[in-house]
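>>> 3D model of this:
(chains A and B)
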Amino acid sequence: MALFDAVLELADDHLVLGHRLSEWCGHAPMLEEDLAMPNMALDLIGTARTLYDYAATLEGQGRTEDDMAYLRGEREYRNLLLCERPNEDFAQTMLRQLYFAAFMHPYWQAAAGGGDEVIRGVAGKAVKEMAYHIRHAGEWVIRLGDGTEESARRMKDAVEALHLYTGELFEEGAAEGVDALPSRAAIKPAWEATIDHIFGQALLSRPVVQYPQTGGRRGLHGESLGHLLAEMQSVYRAHPGATW
Amino acid sequence: MTVADLGILRDVAIVDGVAVAKVTPTYSGCPATLAIELAIETALVEAGFEARIERVLSPAWTTDWISAEGREKLRAYGIAPPEEASGSKLALFGEVTVHCPRCNSTATEKISEFGSTACKAQYRCTACREPFDYFKCI
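Numbers count the residues shown, from 1 in each chain, chains lettered A, B, ... in the order given. Purely as a prediction, here's the structure:
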């Protein structure tokens, strides 16, 4: 079941981050971003749906994608801590998106040549979408980092707040030894190159992390994931089996 | 404009008496995917077939599959069709020249990377002043 667990981890990353982005809908600092963030959320949730569906098929217990998303509790979620971090301000949201997309783009590139047909299909689509996410989030990180005194301060605060969660990106988790998926550790040089390229223009530098945070893959989450799931799952749990 | 023009309908074949339509989404989270699948299924049933829809992800849809006729129909509707081949690095990084679907001027500028749907970006023409949707190249 290693492949099942590994697919579920990926699906959880995408759903949780997608839901976080969707929280901006109607609250973004400008209309263009009010369109952009839900659009990026759709990409992530679409990817999550396919992955949940595949996980359910691999499991063969009759669960559906909805059961996976709506009927698992906090400790059963395996997402990266980075993905569940609260939106806070726009600078943090854009940096979180850049950190994630800068990892997923080379990851899907590697997965697109793998031996699993469903993963190849997901990867082929997602790699193009992640390129857009890197560009969009990266442009904002540069604009804010090299912007006003206030925007630069917020961008530096964002790096301070989020960088300690990035080490978890490279932990193999359940994917250890699964042939269909690329090694996560091997993605690190590509990720660092993208971040350095953007940080160089944004007048930011990658900090040395003293106390890296990890645990999402073992179901050990921050307080905020429970709040996110409570909101996301409430309708489905109040009306079990409802369809729309 | 048909789903075949857009390259979304990959194949239709009769398999053991059932009309099987293979459909691929444009973007992973395109909300229209289900509506399109239902519309195809309805059309097949109305034409007297027993119908089944199969969603195929691989190979991934690309804007290169929009037919020449489809591109012309997009333009006539006021949506600028994708400019570059999807493999182009220039297209991926947004360094493209987009023609205005109204006056064909290349004096256009991007307003927003993301438009009214996942597959479009917002542009405006600085020659005729018309804002328009651009079908992003993927």
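>>> quote the end-to-end distance of stretch B:62-71.
End-to-end span of stretch B:62-71 (C-alpha to C-alpha, to the nearest Å): 13 Å.
>>> let me know the outermost residue of chain B.
Computed with C-alpha atoms, centre = their mean, the maximum C-alpha offset from the centroid of chain B is found at residue B:16, amounting to 30.9 Å.
>>> how close does residue A:244 sit to residue A:69?
14 Å (C-beta to C-beta, to the nearest Å). C-betas here are computed from N, CA, C, even on glycine.
>>> of those two, who's got more company?
residue A:69 (22 against 4; other C-beta atoms under 10 Å in any protein chain shown).
>>> quick check, that one in a strand?
No. Membership of residue A:69 in a strand is not supported by DSSP: H, G, I helix; E, B strand; the rest coil, which gives helix.
>>> in chain B, which spans are helices?
Ranges of helices in chain B, per DSSP state H, are B:32-46, B:68-77, B:89-92.
>>> repeat that for chain A.
Counting by DSSP H, the helices of chain A are A:2-22, A:31-59, A:65-70, A:81-84, A:90-111, A:117-145, A:149-162, A:188-202, A:223-238.
>>> how does chain B divide into domains?
Chain B resolves into domains spanning B:9-55, B:66-135 when parsed by automatic domain parsing.
>>> give me the distance between the two termini of the shortest one.
Read that as domain B:9-55. Domain B:9-55 has an end-to-end distance of 10 Å (C-alpha to C-alpha).
>>> also the last one?
Using C-alpha to C-alpha, the end-to-end distance of domain B:66-135 comes out at 11 Å.
>>> spell out which parts of chain A neighbour chain B.
Taking C-beta under 8 Å from any C-beta of the partner chain as the criterion, chain A approaches chain B at residues A:18, A:32, A:35-36, A:39-47, A:49-50, A:117-118, A:120-122, A:124-126, A:128-129, A:131-132, A:135-136.
>>> just the buried residues from those, in ChimeraX please.
Of these, the buried ones go into a single ChimeraX selection, burial set by 16 or more other C-beta atoms under 10 Å in any protein chain shown:
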select /A:18,35,36,39,40,41,42,43,44,45,46,47,49,50,118,120,121,122,124,125,126,128,129,131,132,135,136
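>>> in chain B, where is pLDDT below threshold?
For chain B, the stretches with pLDDT under 70 are B:84-95.
>>> rerun at 80
For chain B, the stretches flagged by pLDDT under 80 are B:83-96, B:116, B:138.
>>> interface residues of it facing chain A?
B:25, B:27-31, B:56-61, B:86, B:92-94, B:111-116, B:118, B:122, B:136, B:138.
>>> out of those, which end up buried?
B:25, B:27-30, B:57, B:60-61, B:86, B:92, B:94, B:112-115, B:118, B:122, B:136, B:138.
>>> strands - which of those land there?
Counting by DSSP state E, those place B:112, B:122 in strands.
>>> and residue B:30, what does it touch?
The neighbours of residue B:30, taking C-beta atoms under 8 Å, 6 or more residues apart in numbering or on different chains as the test, are A:42, A:46, B:117-119.
>>> on that earlier part again, for residue A:229, which of the domains of chain B is the nearest?
domain B:9-55 (19.8 Å; C-beta to C-beta).
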